[in-house]
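[1] For reference, the sequence and a predicted model appear below.
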Amino acid sequence: MTTEVAQDERKAWMSLLAKSQPKRLAELWRAYDADPDFTWLRPPEIGGVMLRGRMGGTGAPFNMGEMTVTRCALSLDNGAVGHGYVQGRDKAHAEIAAKVDALMQGAQADALEASVLAPLRDEQNAARSERAAKAAATKVEFFTLARGED
């Protein structure tokens, strides 16, 4: 997992897991039915992070506010290390995310992609498209039929 492509893929699946609905992720994880043996490197812990922003994307950074996050890290018996970072206070969500992250680095990656990550990705894409369609429905086009030139 040291190549640039692998790092980008890992970022993508970790983002997908972090943004997933906890109940839906737990449901897909139970259906996958392969809970691995592991050792905690960092058990789930709840904390806060400072969110920073920039006006217009280019201005000086400023502290916008705080957000609660839950994180954990674990090591599978085969040595793969998984991390879970999720918004909120859901320790089970972070644990499942870490397990999926660790398993995606091994031989189970294709099966896990098909049974857990692909459904989550499809659902998130559908929700994004639905939001975009609702926003597009409110779009107003302005045009001028005649323009008065004095």
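    Noted; the coordinates are in hand.
[2] Is residue 124 in contact with residue 16, as I believe?
    Yes - if you go by Cβ atoms under 8 Å, residue 124 and residue 16 touch, sitting 6.9 Å apart. C-beta coordinates here come from the backbone N, C-alpha and C atoms, glycine included.
[3] how about the helices of the chain, start to end?
    4-19, 22-32, 91-103, 109-112, 118-137 (DSSP state H).
[4] What is the fourth one packed up against?
    So the one you mean is helix 109-112. When contacts are defined as 3 or more Cβ pairs under 8 Å, 6 or more residues apart in numbering; DSSP states H and E, helix 109-112 sits against helix 91-103.
[5] Now do the helix it packs on: distance to the chain's middle.
    Centre-to-centre, helix 91-103 and its host chain are 12 Å apart (Cα atoms, centre = their mean, to the nearest Å).
[6] So what angle separates the directions of it and helix 4-19?
    Here helix 91-103 runs at an angle of 160 degrees relative to helix 4-19 (axes from the mean of the first three to the mean of the last three Cα atoms, to 10 degrees).
[7] got the angle between helix 91-103 and helix 22-32?
    Helix 91-103 runs at 50 degrees relative to helix 22-32, counting by the same axes, to 10 degrees.
[8] what mean pLDDT does helix 91-103 have?
    Throughout helix 91-103, pLDDT has a mean value of 96.
[9] next one: stretch 36-45
    Rounded mean pLDDT across stretch 36-45 is 96.
[10] And the pLDDT for residue 145?
    Predicted confidence (pLDDT) for residue 145: 67.
[11] Make TSV from the helices of the chain and add distance to residue 55 to it.
    What follows is the helices of the chain, written out as TSV (distance: least, Cβ to Cβ, whole Å):
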stretch	distance to residue 55
helix 4-19	25
helix 22-32	33
helix 91-103	32
helix 109-112	41
helix 118-137	23
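[12] Please verify my assumption that residue 10 contacts residue 104.
    Yes - counting by Cβ under 8 Å, residue 104 is a contact partner of residue 10 at 7.4 Å.
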